[in-house]
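Visitor: My questions concern the predicted model and sequence given below.
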Amino acid sequence: MQVFKFGGASIRNIEAIRNMAEIIGKYGRKPLVIVVSAMGKTTRHLEAYIEARVQEGEGKKEIKFIEDFHAEIIDGLFPAGHPVAPAVQQLFQEARQVPWDGRSYGRFYDRIVSVGEMVSSTIIAAYLNHKGIATQKMNAPELIKTRGNFQFGKVIWAQTEALISEKVAPVLASSYVVTQGFIASNSDNEVMTLGKEGSDYTAAIFASCLEADSVTIWKDVPGILSADPKLISDTKQIIHLPYTEASEMTYYGANVIHPKTIKPLANKNIPLYVRSFDEPERTPTQIQGVEQGDDLEPTLILKKDQCLFTFRVRDYTFVDEKSLARIFTTLHELDISITILQSSAITISVCFDNKQDNINALLTRLKDQFSMQYMTDLELITLKNYTEAYVQKYRPAGEIILEQRSRRNCRFLVKAGESPTLSA
């Protein structure tokens with residue numbers, strides 16, 4: 001039992017989709033679940049459409065661009081008159097008809113942006129069948145149930161596992177299953193998303209619920225690298241990573257896989273492979289197992305667009321457990337993930353992804369207990385498994401706002417633009 005996940009880059013155009021079908025034909029075996037993202041930059045364009053609808057009440061130019069992009073792909077993959085074209089047109093028509101009520105942005109966002117995955121899965125399933133590969137499309141929102149806030153759906157595991165086992169397993173006996181990454185639904189059957197780049201997480205959800213033998217994420221890189229090659233010229237591919245190390249890398253900002261992907265796989269010891277769709281014969285990165293000693297490869301992770309937010313107690317008493325509980329409860333309720341934390345006797349500072357809505361919410365909700373200030377336009381550099389030579393080589397040259405060092409991690413918070421292009 002395998003799960004393959006193809007991201008937007010791996011199905012970005014006609015040639016890429018044909019390559020995907022060849023990979024499935026060569027490396028796939030039954031039973032197989034295929035999780036797909038939206039094609040290319042579709043999500044980004046749908047977000048532009050959402051903003052146009054919210055700000056201007058329309059978005060005709062944005063939605064037409066997306067429709068034309070997919071129509072061109074359909075024309076290049078299928079003969080004239082193929083039923084996939086009207087099916088896709090119907091999905092876009094439904095997106096146009098979603099009302100914006102001026103209140104629940106998250107609900108509106110999730111409903112519109114989910115169209116990208118629904119369209120891509122419709123096209124991919126139809127193309128695989130067109131190529132003689134028996135495939136059935138199944139809709140993830142009917143299988144993955146969530147609770148919580150829109151844009152940050154939290155999986156209800158017992159219900160999800162029951163649905164996937166009941167509905168997907170029988171279909172896999174006779175055909176491949178294509179489904180959508182990133183999207184799910186709540187108890188009212190409203191579409192919810194699982195967070196940015198959540199398609200990896202979807203693959204892990206299906207793998208866990210179906211007791212898969214492996215998950216393979218097909219990407220435009222040969223595997224997981226020791227750093228972004230745009231930053232460092234002498235990057236190395238990491239052939240094997242233990243679950244804990246991979247999980248830490250995603251927490252610190254490595255964007256090769258979604259942060260929530262590791263846990264459901266580690267719980268059932270399911271290996272995760274990160275593999276190149278351009279060079280599928282290359283040795284992939286395998287994520288599995290536990291750490292063996294301290295011989296892990298040094299890695300550099302850059303996380304951009306960070307906000308450093310500082311809370312100071314108003315009455316000059318110490319930051320105590322009650323104050324910490326208030327701060328962390330609020331951060332949890334707002335789905336704010338901390339990327340770095342530092343405390344003193346009367347202050348506590350946390351760093352998180354810069355979103356003005358989150359900043360405004362903290363300022364409003366905690367104004368009675370704390371005085372607060374924040375700094376934006378920051379970047380966070382993490383040197384994992386460092387040596388002193390590695391730190392000296394890649395230590396930022398500019399002003400360092402905050403520095404932390406532990407036995408295995410060295411971290412620097414700097415002004416954007418002052419983390420240089422770290423070409424070695």
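Guide: Now that the structure is in, tell me what you want to look at.
Visitor: Name whatever forms a beta bridge with Gln373.
Guide: Beta-bridge pairing for Gln373 (DSSP bridges): Thr310.
Visitor: Kindly report the same for Phe412.
Guide: Applying DSSP bridges to Phe412 yields these beta-bridge partners: Ile381, Glu403.
Visitor: count of residues packed around it?
Guide: Look at Phe412: counted by other C-beta atoms under 10 Å, it has 23 neighbours. Just so you know, the C-beta spots here come from the backbone N, C-alpha and C atoms, and that holds for glycine as well.
Visitor: looking at it, it is touching Arg395, isn't it?
Guide: Yes - using C-beta atoms under 8 Å, Phe412 is in contact with Arg395, at 7.2 Å.
Visitor: Show me where the stretch 251-400 of the chain has its strands.
Guide: Along the stretch 251-400 of the chain, counting by DSSP state E, counting those that start in this stretch, strands occupy 272-276, 285-287, 299-313, 340-343, 347-353, 370-384, 400-405.
Visitor: Tabulate those strands (CSV), appending mean neighbour count, distance to Lys131 and mean pLDDT.
Guide: Output for the strands of the stretch 251-400 of the chain, formatted as CSV (neighbours: other C-beta atoms under 10 Å; distance: least, C-beta to C-beta, whole Å; pLDDT from 0 to 100):
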stretch, mean neighbour count, distance to Lys131, mean pLDDT
strand 272-276, 23, 21, 96
strand 285-287, 24, 29, 96
strand 299-313, 20, 39, 94
strand 340-343, 14, 48, 93
strand 347-353, 20, 40, 95
strand 370-384, 18, 42, 95
strand 400-405, 15, 52, 95
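Visitor: could I get those strands as a markdown table with distance to Met1?
Guide: Shown next, in a markdown table, are these (distance: least, C-beta to C-beta, whole Å):
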| stretch | distance to Met1 |
| --- | --- |
| strand 272-276 | 14 |
| strand 285-287 | 17 |
| strand 299-313 | 31 |
| strand 340-343 | 39 |
| strand 347-353 | 35 |
| strand 370-384 | 33 |
| strand 400-405 | 42 |
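Visitor: Nearest to Ile205, out of those strands?
Guide: strand 272-276 (12.9 Å; C-beta to C-beta).
Visitor: Parallel or antiparallel, which strands does that closest one pair with?
Guide: Going by DSSP bridges, the partners of strand 272-276 are strand 214-219 (parallel), strand 285-287 (antiparallel).
Visitor: could I get those strands as a markdown table with distance to Lys263?
Guide: Formatted as a markdown table, the strands paired with strand 272-276 follow (distance: least, C-beta to C-beta, whole Å):
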| stretch | distance to Lys263 |
| --- | --- |
| strand 214-219 | 13 |
| strand 285-287 | 12 |
